[in-house]
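Asks: curious how this folds, go ahead:
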Amino acid sequence: KVFLVRNGIAKDVFPPLERVPVAAPGPLRILIEGSAHVPFKGVAAALEATAAMTAPRYVTVVAPDGSGAAIPGADRIAGPLTQPQLADLYADSHVLLKLSRVEGMFGPPLEAFHRGATCVVTPVTGHDEYVVHGENGLVVDWDDTAGTARALDLLATDRALLHRLRCG
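Replies: Model (predicted):
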């Protein structure tokens, strides 16, 4: 009998990077993941936060159900994607912005970590299993658009901090 199966990531799909590349100069590449049709995924709040940033950014929304096409404020819309395509998108991003209010297994940040991205997340259930504020990501409050934008601006302007969190 199996009494516990721990959450995990398919290493053949999301292989960890041996070395996190230093982010080249240019806009902060932010990935927002979630369905726009599911309010508790926080996609609208994430787009509000990126719109409130002052630093240059490039925002990609990936929606598993294809709902991202109807959302203004993104530079790129993707989805639905295969898992290998999603892994490539994480590897091309600096930051996963995930402002969920409810999650089951909070998998996207863990997938992003494997591919060299850091995260900015809300303190949703499960985040504390592997997101350590200031070590491998940043944890922001719910409904704090200005604070989330400031956290993103900090990562956009402090590339040493961005790299340290991505390596964490």
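
Asks: count of residues packed around residue 59?
Replies: By the measure other C-beta atoms under 10 Å, the count of residues near residue 59 is 24. Yep, even glycine has a C-beta here, placed from its N, CA and C like the rest.

Asks: for it, give its distance to residue 6.
Replies: 33 Å (C-beta to C-beta, to the nearest Å).

Asks: in terms of pLDDT, where does the residue most central in space within the chain sit?
Replies: For the chain, the residue nearest the mean C-alpha position is residue 96 (1.3 Å; C-alpha atoms, centre = their mean). At residue 96, the predicted lDDT confidence score is 98.

Asks: ok now the strand or helix carrying it, how far from the chain's centre?
Replies: Using DSSP states H and E, residue 96 falls within strand 95-98. Computed by C-alpha atoms, centre = their mean, to the nearest Å, the separation of strand 95-98 from the middle of its chain amounts to 2 Å.

Asks: alpha carbons of the longest helix seen in the chain, in PDB - could you do that?
Replies: Longest helix in the chain by number of residues (criterion: DSSP state H): helix 145-157. What follows is helix 145-157, C-alpha atoms only, in PDB (Å, rounded to 0.1, in the frame of the first residue of the first chain):
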ATOM      1  CA  THR A 145      -1.000  46.100  -6.500                       C
ATOM      2  CA  ALA A 146       1.500  48.800  -5.700                       C
ATOM      3  CA  GLY A 147       3.600  46.500  -3.400                       C
ATOM      4  CA  THR A 148       3.600  43.800  -6.100                       C
ATOM      5  CA  ALA A 149       4.700  46.300  -8.700                       C
ATOM      6  CA  ARG A 150       7.500  47.600  -6.500                       C
ATOM      7  CA  ALA A 151       8.700  44.000  -6.000                       C
ATOM      8  CA  LEU A 152       8.700  43.500  -9.700                       C
ATOM      9  CA  ASP A 153      10.500  46.800 -10.300                       C
ATOM     10  CA  LEU A 154      13.100  45.800  -7.700                       C
ATOM     11  CA  LEU A 155      13.800  42.600  -9.700                       C
ATOM     12  CA  ALA A 156      13.900  44.600 -12.900                       C
ATOM     13  CA  THR A 157      16.400  47.100 -11.600                       C
END
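
Asks: good, we can wrap up now.
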